[in-house]
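Asker: Test case, fold it:
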Amino acid sequence: MLKYQIFVSSTYEDLKPERDQVIKAILEMGHIPVGMEMFSAGDEQQWDVIKKQIDQSDYYVVLIAHRYGSMDGTISYTEKEYDYALSQGLPTLGFILDEDVVDWPEEWKENNNDIHKRLEAFRSKVSNKMVDFWKNADDLYGKCAIALMKAFSTHPREGWVRASSSAHVTEMTEEIMRLSRENGKLRTDLEQIKAIRITSESEKINQLIDALRFNKRNVYLWSYTDSKWNGPNNTNLLQIFELVAPDLLDEASDRTLADSISLGFGSLNNGRLEWPVPMNFIKAYLADFVSLDLVDNSTKRHSVKDTQAYWSLTELGKQVRGSIRKNELLKGLANSPSEPDGNGNSKKEEMA
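Answerer: The predicted structure is shown next:
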């Protein structure tokens, strides 16, 4: 029986159940699904592997919902795979989430306007070819199976056969052995690349920690008993980052960050209620952290009446904060809260 290899492309985290249903449909039809979940986005050699898998496939299936996916420059890997499949003349089948579906999780939707425009342009591009619209994973399962059956009939491909059915068993066996060796070499190369990347990322984090440590800053405080700014307290960006990072793991406003710095340098709850640290200093610290790609605007929604600015750690910021905290814990230098405050939150340790 002739078996077709079918490449399944999509964003990954948001479409796991849907991918599973498509793969299930392909397997139940007796064909071979291929996906690239096992490869991490961004490897130069990864794209060579993807192209080879597409070259060896007979059909290409793409699933689209509300995420554009990991990007290589200005284009997502999903769209890059789609364009390559078209360039190689593969029959492509697109399956796009129906616009009438209103209960799609918010966390699986693009909230960046520029990226959203790229996603819409990609949808339009896919809609110019064979395309169908689905409402849920079960609906996608049925529509994918029907569309593939039609494609097999209207666009027959070379496919694959059992070695015992071929007159060139020896040649095919040698080719399989060659591919197996090549696959083993690629896996070894990928492991080496991953090891190099881990080392490179570790060096980058250490460079950022050094940059925070070497950049000196002043902190001024205004307590309840003061009639003017008190200071300066000499410190550096690293100490300031350590004070505000716990709040930024989720999100925090400018004023919350001012309170955290005041608690770190002052006498616990001795700071005045509004801006115990100068607002322009808080903005300057944040500008430094943003420049180092440690902090960015929070993407959470707030009431239109809430005029405060909210901030969160970037993924890099979380890595830097985690590295600092890990080193402190390993050396037994990590501070812990001294006592609960009046709001049920723990008071932070004062800085020496």
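
Asker: Okay, and the beta partners of the nearest residue to residue 289 once chain neighbours are set aside?
Answerer: Closest residue to residue 289 apart from its sequence neighbours, by C-beta to C-beta, 6 or more residues apart in numbering: residue 295 at 3.9 Å. For glycine as for every other residue, the C-beta is placed from the backbone atoms N, C-alpha and C. Beta-bridge partners of residue 295, counted by DSSP bridges, are residue 313.

Asker: Tell me, what's the model's pLDDT at residue 295?
Answerer: Note on residue 295: pLDDT of 94.

Asker: So it sits against residue 312, correct?
Answerer: Yes. The criterion here is C-beta atoms under 8 Å, and residue 295 meets it with residue 312 at 7.1 Å.

Asker: Between the two, which is the more surrounded one?
Answerer: Per other C-beta atoms under 10 Å, whichever of residue 295 and residue 312 has more neighbours is residue 295, with 25 against 18.

Asker: Okay, that one and residue 252: tell me how far apart.
Answerer: For residue 295, the distance to residue 252 equals 10 Å [C-beta to C-beta, to the nearest Å].

Asker: Show me whatever sits in contact with both of these two.
Answerer: 311, 312 (C-beta atoms under 8 Å, 6 or more residues apart in numbering).

Asker: picking that back up, spell out which residues are contacts of both of residue 295 and residue 312.
Answerer: Contacts common to residue 295 and residue 312, judged by C-beta under 8 Å, 6+ apart, are residue 248.

Asker: Which residue ranges of the stretch 201-350 of the chain form strands?
Answerer: Assigned by DSSP state E, counting those that start in this stretch, the strands in the stretch 201-350 of the chain fall at 216-221, 230-236, 252-253, 295-297, 310-313.

Asker: Off-centre distance for the third one?
Answerer: In terms of C-alpha atoms, centre = their mean, to the nearest Å, the gap separating the centre of strand 252-253 from the centre of its chain is 23 Å.

Asker: Please enumerate the strands of the stretch 51-200 of the chain.
Answerer: Using DSSP E, counting those that start in this stretch, the strands of the stretch 51-200 of the chain run over residues 59-64, 71-72, 75-76, 92-97, 130-134.

Asker: right, so those strands: which one is the most enclosed?
Answerer: Highest mean neighbour count among the strands of the stretch 51-200 of the chain (mean count of other C-beta atoms under 10 Å): strand 59-64, with a mean of 24.

Asker: what's the angle between that strand and strand 130-134?
Answerer: Put simply, strand 59-64 runs at 40 degrees to strand 130-134, going by axes from the mean of the first three to the mean of the last three C-alpha atoms, to 10 degrees.

Asker: Quickly run through the sheet partners of strand 59-64, with directions.
Answerer: Using DSSP bridges, strand 59-64 pairs in its sheet with strand 5-9 (parallel), strand 92-97 (parallel).

Asker: okay, and the helix or strand of this structure with the least pLDDT?
Answerer: helix 169-214 (a mean of 80; mean pLDDT, DSSP states H and E).
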